[in-house]
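# Generate a structure from the sequence data that follows.
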Amino acid sequence: MKYEVLLFDADDTLFDFKKAERHAFIKTMEDYGYDYKEEVHLKSYHEINTAIWKEFERGEITQKKLKVERFRRYGDALKLDFSPEDFAAKYMGHLSHASFLYPDSEKLLKILHGKYKMAIITNGLTDVQTRRIRQSPVSHYFKEIVISEEIRVSKPDPEIFSYTLEKLGHENLERVLMIGDSLSSDIRGGRDFGVDTLWYNPWKKENTSEIIPTYEVDSLMEILDHV
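Have a look, this model is predicted:
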C-alpha cells in the first residue's frame with residue numbers, strides 16, 4: 001500500500017450535500033408558507049451560498065457571521081420578509097437531520113476500513129455536521145472527524161491538516177492522501193500542506209485552475225486504484 005492515512009472531505013464526496021441542502025431548504029420555505037419555486041428560490045440560494053463560502057475560504061468572513069449573512073443576502077435579493085437569524089436557525093435544524101450518503105460510500109469505506117487510518121475533515125458547522133456526520137451510519141469507520149468550526153481553522157489552511165494528523169498520531173506526509181471534490185479547499189489545502197491529493201470529480205468538470213491534483217477520478221470506487 002502506498003498510503004497509510006486517508007483524509008476524506010465529507011460533503012459532495014461521501015455525503016450527498018446537494019440532496020440534503022434541497023431537503024432542508026424546501027422544509028424551511030414550507031415553515032414560512034412560501035410558494036416554493038425551485039428554479040427561483042433554490043437557484044438563488046445556491047448562488048449566494050456558494051459565493052459566501054468562497055469568501056470564507058479566502059478568510060473574508062467568519063463562519064459565525066456566514067451562518068446568518070447568507071440568509072440576509074438571500075432575503076434582500078428576493079425581497080422576502082423574514083428574520084435572517086430565525087431563517088438560519090430553522091434551515092440548520094432541518095439540515096442537521098438530512099444525512100444522505102452516496103450509493104458507493106459505505107461500500108468503499110468497508111473495503112478501506114482496517115487497512116488505513118481514516119479521518120474526515122469538513123468545513124461545515126458544528127451543530128449541523130455533528131448529527132449529519134458524527135451520528136451517520138459510516139462514522140465508525142473514521143478515527144477522527146474534524147469540523148472546522150470546532151477548531152476555528154478551515155480548509156485550505158494547512159493547520160487543519162496538521163491538527164488532524166496530530167490527532168491520528170501520524171507524521172510521514174508521503175504516506176497521506178487527501179480526497180475531496182473541491183479544488184479550492186480540499187486539493188489546494190492538501191497540496192499546500194505537502195500531501196498527495198485525489199480530486200473526486202463525478203461531474204467531470206474541466207479544471208481551469210492552477211491547482212493540479214495528484215490523481216483524478218469520477219467514481220468513488222476508482223479511489224481503490226490509487227491507494
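# ok, then the element right after the helix or strand hosting residue 87?
Assigned by DSSP states H and E, residue 87 falls within helix 84-96. Next along the chain after helix 84-96, taking DSSP H and E as the criterion, comes helix 105-112.
# Show residues contacting that next one.
For helix 105-112, contacts defined as C-beta atoms under 8 Å, 6 or more residues apart in numbering pick out 6, 14-15, 118, 137-138, 141, 220-221, 223-224, 227. Glycine gets a C-beta too; all of them are placed from N, C-alpha and C.
# who does the helix holding residue 87 touch, helix- and strand-wise?
In terms of contacts (3 or more C-beta pairs under 8 Å, 6 or more residues apart in numbering; DSSP states H and E), helix 84-96 is packed against helix 17-32, helix 63-78, helix 126-129.
# Deepest in the core, which of those is it.
helix 126-129 (a mean of 21; mean count of other C-beta atoms under 10 Å).
# gap between the helix or strand just after that one and the chain center?
Of the helices and strands lying after helix 126-129 in sequence (DSSP H and E), the nearest is strand 144-147. Its chain's C-alpha centre and that of strand 144-147 lie 12 Å apart, by C-alpha atoms, centre = their mean, to the nearest Å.
# Please apply the same query to stretch 70-80.
Distance, centroid of stretch 70-80 to centroid of chain: 23 Å (C-alpha atoms, centre = their mean).
# One more: stretch 204-211?
Relative to its chain's centre, stretch 204-211 lies at 18 Å (C-alpha atoms, centre = their mean).
# what's the answer for stretch 198-209, then?
Using C-alpha atoms, centre = their mean, the offset of stretch 198-209 from its chain centre is 15 Å.
# What's the end-to-end length of that stretch?
Length of stretch 198-209, first residue to last, C-alpha to C-alpha, to the nearest Å: 15 Å.
# what about the host helix or strand of residue 191, distance to the chain center?
According to DSSP H and E, residue 191 maps onto helix 188-193. Relative to the centre of its chain, helix 188-193 is centred 16 Å away, using C-alpha atoms, centre = their mean.
# Can you list the strands that whatever helix or strand comes next after it pairs with?
Once the chain leaves helix 188-193, the next helix or strand it forms, by DSSP H and E, is strand 196-200. Counting by DSSP bridges, the strands paired with strand 196-200 are strand 176-180 (parallel), strand 215-217 (parallel).
# Nearest to residue 26, out of the ones you listed?
Closest approach to residue 26 among the strands paired with strand 196-200 is made by strand 176-180 (26.7 Å; C-beta to C-beta).
# and the longest helix for this structure?
Assignment by DSSP state H gives helix 38-57 as the longest helix of the chain.
# Just give the nearest non-adjacent residue to the residue positioned nearest the centre of the chain, would you?
Centroid check for the chain by C-alpha atoms, centre = their mean gives residue 11 as the closest residue, at 3.5 Å. Spatial nearest neighbour of residue 11, chain neighbours left out: residue 17 (3.6 Å); criterion: C-beta to C-beta, 6 or more residues apart in numbering.
# For that neighbour, give me the pLDDT.
If you check residue 17, the pLDDT there is 93.
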